[in-house]
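Student: Here is the input, now give the coordinates:
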Amino acid sequence: MYTAKTKHYQIWCENNVLIAVIRGQWDAIEAEAYVQDFQAVARKLINEPWAHITYLDDWRLSTPDASGPIQELERWCMNNNLHCDAVVYAEHAIKDYVLENALQNTSRNPDVYRHFTSSKEAIDWITRKGFLPTSERIVG
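Tutor: Presented below is the predicted three-dimensional model:
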């Protein structure tokens, strides 16, 4: 199994779920590296429906130029069998705004994209949709 880990992110798969933990402040260079690693990890999943959980509590936002690569990744995911995308972080109005603008295709579809304030809520949601990570509690 391929995983990726840097000081800004960690990405791995559990069954048909890709899990990402995001840290620090990002710019376009960091976002582009993340997209490449994300796609490398996700390639084992894309032939079947899959889910994605992203943990953003330690993300310190991004420069505006980082949104381009993230929007490209969103399109790639939607074209490669992503069926649900759970994002986990404590209530944060600025993160809400940034993500809504960056994830224009999925953030407006509650069947595909949902924000949760706890890992348990996110795992419960993707489990109800037929996706099951092996961990009950994800630790980054």
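Student: List the buried residues for stretch 62-70?
Tutor: With burial defined by 16 or more other CB atoms under 10 Å, the residues of stretch 62-70 counted as buried are 62, 66-67, 69-70. All C-beta atoms are positioned from the backbone trio N, CA, C, and that covers glycine.
Student: cool, and stretch 83-100?
Tutor: Neighbour counts over stretch 83-100 (16+ other CB under 10 Å) mark 83-89, 92, 95, 98-99 as buried.
Student: Could you list which of the residues you listed belong to helices?
Tutor: Residues of the buried residues of stretch 83-100 located in helices (DSSP state H): 95, 98-99.
Student: Which strands border the longest strand along the chain, and is each parallel or antiparallel?
Tutor: Assignment by DSSP state E gives strand 50-62 as the longest strand of the chain. The pairing partners recorded for strand 50-62 under DSSP bridges are strand 17-26 (parallel), strand 82-88 (parallel).
Student: Nearest to V35, out of those?
Tutor: strand 17-26 (11.1 Å; CB to CB).
Student: Could the C-alpha coordinates of the closest one be exported in PDB?
Tutor: C-alpha atoms of strand 17-26 as PDB (Å, rounded to 0.1, in the frame of the first residue of the first chain):
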ATOM      1  CA  VAL A  17     -11.500   5.000   2.000                       C
ATOM      2  CA  LEU A  18      -8.700   7.500   1.400                       C
ATOM      3  CA  ILE A  19      -7.800   9.500   4.500                       C
ATOM      4  CA  ALA A  20      -5.900  12.700   4.600                       C
ATOM      5  CA  VAL A  21      -4.600  14.800   7.500                       C
ATOM      6  CA  ILE A  22      -3.700  18.400   6.500                       C
ATOM      7  CA  ARG A  23      -1.400  20.600   8.600                       C
ATOM      8  CA  GLY A  24       0.000  24.100   8.400                       C
ATOM      9  CA  GLN A  25      -0.400  26.900   5.800                       C
ATOM     10  CA  TRP A  26      -0.300  26.000   2.200                       C
END
